[in-house]
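Peer 1: Model the following, please.
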Amino acid sequence: MKNKMKIRAWMDKDKTMVKAIIFHPMETGMRKDKKTGKKIPAHFITEVNCVHNGKTVLKCLWGPGVSKNPFISFRFSGAKAGDTLKISWVDNKGNSGSKEAKISA
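Peer 2: The predicted structure is shown next:
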């Protein structure tokens, strides 16, 4: 699986705005393959973490009900333009990914 993610982070007055999309199939384990009729195995993100300056600013615990290629949007205080933000994820099959982004002005 490719480790693909897009992150955009910018300052809005005293808050940091973050928007990110994680490209992941997010299979529930309930859908059937149209060709074979067999269930597609569950494959979904279980945890997403966002860290700024060593401090976790967002932690998500997800299950199979989250849609394909999940999009997250949030804001937090305490950052400044030029700081680095890291978002990482882990799925139920042990795959993981992460990406860093600089916070723009």
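
Peer 1: CA only for contacts and neighbour counts going forward, please
Peer 2: Noted.

Peer 1: low-confidence ranges in the protein?
Peer 2: Along the chain, segments meeting pLDDT under 70 span 1-3.

Peer 1: Give me the nearest residue to the most centrally placed residue in it, chain neighbours excluded.
Peer 2: The centroid of the chain falls nearest to Ile22 when counting by C-alpha atoms, centre = their mean (4.8 Å). Nearest in space to Ile22, with sequence neighbours left out and distances taken as C-alpha to C-alpha, 6 or more residues apart in numbering, is Met5 at 4.5 Å.

Peer 1: Near the one you found, how many other residues are there?
Peer 2: Here the number of neighbours of Met5 (other C-alpha atoms under 10 Å) works out to 19.

Peer 1: give me the element it is part of.
Peer 2: Assigned by DSSP states H and E, Met5 belongs to strand 4-12.

Peer 1: same for that strand, what does it pack against?
Peer 2: The contact analysis (3 or more C-alpha pairs under 8 Å, 6 or more residues apart in numbering; DSSP states H and E) places strand 4-12 against strand 15-23, strand 96-102.

Peer 1: again, only using 10 Å
Peer 2: Packing partners of strand 4-12 (3 or more C-alpha pairs under 10 Å, 6 or more residues apart in numbering; DSSP states H and E): strand 15-23, strand 71-77, strand 84-91, strand 96-102.
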